[in-house]
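test case, fold it:
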Amino acid sequence: MRYLVIILSLLIGNFVFAQNQDTIHIPDLILSNYIYEEDTLIELDTTKVYEFAVVPEKPEYYGGEKELLKYFFENIKITDTLDNYNISKIYFEFVIERNGKVTNPRIIRGGNNTVNREVIRVINSLPDWQPGKINGIPVKVKYIMPIIIDIK
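Model (predicted):
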């Protein structure tokens, strides 16, 4: 009986002590499916397209941004019909899917239609990326990028 009282007092003491702690321990497996959004814990939506700025593990082109620009300028083919066209700063966006594929290319602000079509063609030909992740879970991420095309 004496041992039972000692064991019970230890268990009750640990329980009371645990109740006074500020944090509640929830298994990481459960928490990985939730994120904080506007100070509220919500379930991670893997179908939503997240803004680049809010994703902790950013999507990345293999080799980095320098290799991405190199890929663009090696693959853009401008025709002779643009002889009188000089400089174009083009802003475009696309979505990097959970599997790293590039989808939904769109020109936000562009040059003439020929240049815009060529930029979309190159975006569609991009190889897969390392996807963005929240809590280690791949998510869709919107990527916005400007480039300057100087045709001379």
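
C-alpha from now on. contacts and neighbour counts both.
Fine.

so what's the residue count around Val54?
By other Cα atoms under 10 Å, the residues close to Val54 number 11.

that should have said Gly64, apologies.
If you count neighbours by other Cα under 10 Å, Gly64 ends up with 11.

what about it, distance to Val122?
17 Å (Cα to Cα, to the nearest Å).

what segments of this protein are strands?
For the chain, strands defined by DSSP state E occupy the ranges 34-37, 40-43, 49-51, 87-96, 102-109, 132-134, 137-150.

return the most buried member of the ones you listed.
strand 132-134 (a mean of 21; mean count of other Cα atoms under 10 Å).

check what pLDDT Glu74 gets.
Glu74 carries a pLDDT value of 92.

that one: how many residues sit nearby?
Glu74: 10 neighbours (other Cα under 10 Å).

ok, Asn112 next?
Neighbours of Asn112 (other Cα under 10 Å): 11.

so who does it touch?
For Asn112, the contact set (Cα atoms under 8 Å, 6 or more residues apart in numbering) is empty.

phi, psi for it please.
The phi/psi pair for Asn112 (degrees, to the nearest 10) reads phi -80, psi 170.

and it, how far from Arg106?
On the measure of Cα to Cα, Asn112 and Arg106 end up 14 Å apart.

pLDDT value on the closest residue to Asn99 other than its chain neighbours, please?
Spatial nearest neighbour of Asn99, chain neighbours left out: Pro131 (6.4 Å); criterion: Cα to Cα, 6 or more residues apart in numbering. What the model reports for Pro131 is a pLDDT of 96.

Val139 is in contact with Pro131, correct?
Yes: with contact defined as Cα atoms under 8 Å, Pro131 counts as touching Val139 (7.0 Å).
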